[in-house]
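Q: give me coordinates for this.
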Amino acid sequence: MAARTAVTLEIVPVTLIVGEEEFLVDRAVHDLIAAARDTAGGGDVHDTQGSELSPGELASLTSPSLFGGGLVVVVRAAQNASKDVAAELARYARNPATDVVLVLTHAGGAKGKELLAATRGSGARVIECPKVTRFAERLDFIRSEFRRAGARADDGAARALLDAVGSDLRELAAACDQLATDAQDAGGGIDETVVARYYRGRAEATGFTVADRAVEGNLAQSLEQLRWALATGVSPVLICSALAQGVRLLGRVGSAPRGASSVSLAAEVGAPPWKIDRVRQQLRGWHPDGIARALHAVAEADAQVKGEAVSAAYALERAIRRIAAARTARNQ
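A: Numbers count the residues shown, from 1 in each chain. Predicted coordinates:
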């Protein structure tokens with residue numbers, strides 16, 4: 001089994017978890033409960049919603065157990081607590097019991113802002129869990145998950161995993177954990193090839209990996225991924241479709257107003273915001289003339305893989321070479 005990196009959290013009387021990233025909030029709560037129970041050798045856990053707390057109930061929940069041991073009280077979505085309950089939580093945060101661990105989660109918006117400000121001002125520990133929306137943020141998350149699992153993984157592995165799994169953090173965390181276990185049991189690190197092998201059969205993701213490497217100008221990697229994909233049975237039509245989508249997105253994102261947000265542009269072009277962020281990074285080195293050449297190359301390849309060429313593999317390889325060459329072309 002892979003050696004997991006221990007998550008060590010100091011036990012403090014009050015912790016405020018702020019943010020809307022549900023997976024990160026849930027995991028922070030889980031880690032705090034585990035750390036508190038390990039420190040106290042067990043104990044009771046009261047886990048409730050802020051909207052379900054009644055005035056006066058907090059005092060009952062934070063009363064020490066007759067049987068001793070630690071006590072953890074979790075109040076989720078504290079922004080939904082009533083005005084009276086919010087006032088009780090704020091007062092408690094200023095003068096907490098020493099043998100109780102209180103964990104509050106708060107979305108961080110305008111709702112319940114008085115409680116948020118009061119808890120921050122009381123000196124409570126604050127754990128931030130903001131939404132992970134950008135491509136670079138998701139890559140950072142994947143890297144941190146591999147480190148958490150005690151595994152070595154390069155940037156290519158992180159990008160390939162994001163392509164294969166998508167943007168859901170729970171799925172990404174589970175995938176990192178599984179890959180780390182398998183890789184460490186085999187005594188090796190994790191790279192793009194390992195991810196591709198593990199997710200063999202996810203044809204669409206494999207095609208997009210080929211396309212991403214091509215539009216980034218990484219000719220050798222794109223050809224390597226192409227040959228692997230074809231060897232494992234991925235349809236040439238799917239790969240050509242991914243190439244076409246990758247080049248079209250370059251054109252659509254590249255022609256958008258410079259100040260347009262990823263969210264607004266995502267709605268316009270029909271791609272998720274994280275994909276817009278990725279395309280903006282991929283646009284470095286591209287010129288409109290080069291994009292036009294790449295589109296022409298893809299159009300030719302599409303006709304060829306659908307019957308005009310003897311070898312679909314050769315048609316795709318030729319298209320990839322032309323796309324990579326077009327990346328730095330200017331009015332040639």
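Q: check contacts around the residue nearest to residue 12 when sequence neighbours are not counted.
A: Take residue 12 and drop its neighbours on the chain: the residue closest to it by C-beta to C-beta, 6 or more residues apart in numbering is residue 125, 5.0 Å away. Backbone N, C-alpha and C define where each C-beta goes, glycine included. Shown in contact with residue 125 (C-beta atoms under 8 Å, 6 or more residues apart in numbering): 10, 12, 14, 15, 16.
Q: same thing but 7 Å
A: Counting by C-beta atoms under 7 Å, 6 or more residues apart in numbering, residue 125 makes contact with 12, 15, 16.
Q: ok, it to residue 115 distance?
A: Using C-beta to C-beta, to the nearest Å, residue 125 is found at 16 Å from residue 115.
Q: tell me where the model's unsure across this protein.
A: In the predicted model of the chain, residues 1-8, 41-42, 65-69, 185-187, 200-206, 308-309, 329-332 satisfy pLDDT under 70.
Q: strands of that one, residue ranges please.
A: Along the chain, the stretches classed as strands by DSSP state E are 14-18, 43-49, 70-76, 100-106, 125-128.
Q: okay, now the closest residue to residue 173 other than its chain neighbours: neighbour count?
A: Closest residue in space to residue 173, ignoring its immediate chain neighbours: residue 145 at 5.3 Å, by C-beta to C-beta, 6+ apart. By other C-beta atoms under 10 Å, the residues close to residue 145 number 22.
Q: would you check that residue 317 makes contact with residue 223?
A: Yes. With contact defined as C-beta atoms under 7 Å, residue 317 counts as touching residue 223 (6.3 Å).
Q: per-domain residue ranges of this protein.
A: 14-128, 133-199, 202-332 (automatic domain parsing).
Q: so how far is the first residue of the second one from its last?
A: When you say that, I think you mean domain 133-199. 23 Å (C-alpha to C-alpha, to the nearest Å).
Q: one more: the first one?
A: With C-alpha to C-alpha as the measure, the first residue of domain 14-128 is 14 Å from its last.
Q: hang on, the earlier thing: most neighbours per residue, which of the strands of the chain?
A: Of all the strands of the chain, strand 100-106 carries the top mean neighbour count, a mean of 25, counting by mean count of other C-beta atoms under 10 Å.
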